[in-house]
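Colleague: Sharing a sequence plus its predicted fold:
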Amino acid sequence: MQKINYKQSRKELEQIIAQLEKPTDDLDHLVNLVERGAVLVKDLNSRLAQAELSVKKVLDDLHPAQSETKQSLIESEIPF
């Protein structure tokens with residue numbers, strides 16, 4: 001199975017949501033839509049998390065001192 005890109009995954013998920021909003025009595029089709037939607041949501045969330053890490057790494061590489069300062073501020077706010 002060919003892996004689709006983020007934009008295609010999001011578009012497919014939007015189409016699934018539109019289909020789920022339409023009335024139907026085909027339970028098997030609804031279950032299939034929900035299952036596929038869940039796979040897409042998991043994949044999209046994973047891609048977003050990976051993109052966030054990539055951007056954070058680039059920004060940290062550009063401004064390492066600021067990153068360390070922010071991290072120490074975050075850690076100092078933790079109450080334990």
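Modeller: Alright, I've got the coordinates. Numbering: from 1, shown residues only.
Colleague: most centrally placed residue in this structure?
Modeller: N45 (1.7 Å; C-alpha atoms, centre = their mean).
Colleague: sec struct for it, please.
Modeller: helix (DSSP: H, G, I helix; E, B strand; the rest coil).
Colleague: ok, now which ones touch it?
Modeller: N45 sits next to no residue when contact means C-beta atoms under 8 Å, 6 or more residues apart in numbering. Bear in mind the C-beta positions are built from the backbone N, C-alpha and C, glycine included.
Colleague: From V39, how far off is the residue lying closest to I4 once chain neighbours are set aside?
Modeller: Excluding the flanking residues, the one nearest I4 by C-beta to C-beta, 6 or more residues apart in numbering is E12, at 7.3 Å. Here the criterion is C-beta to C-beta, to the nearest Å. By it, E12 lies 10 Å from V39.
Colleague: higher neighbour count, those two?
Modeller: Neighbours were counted for E12 and for V39 using other C-beta atoms under 10 Å; E12 has more, 16 against 13.
Colleague: re earlier: element containing the residue nearest to I4?
Modeller: helix 6-20 (DSSP states H and E).
Colleague: what's that helix packed up against?
Modeller: Counting contacts by 3 or more C-beta pairs under 8 Å, 6 or more residues apart in numbering; DSSP states H and E, helix 6-20 is packed against helix 27-62.
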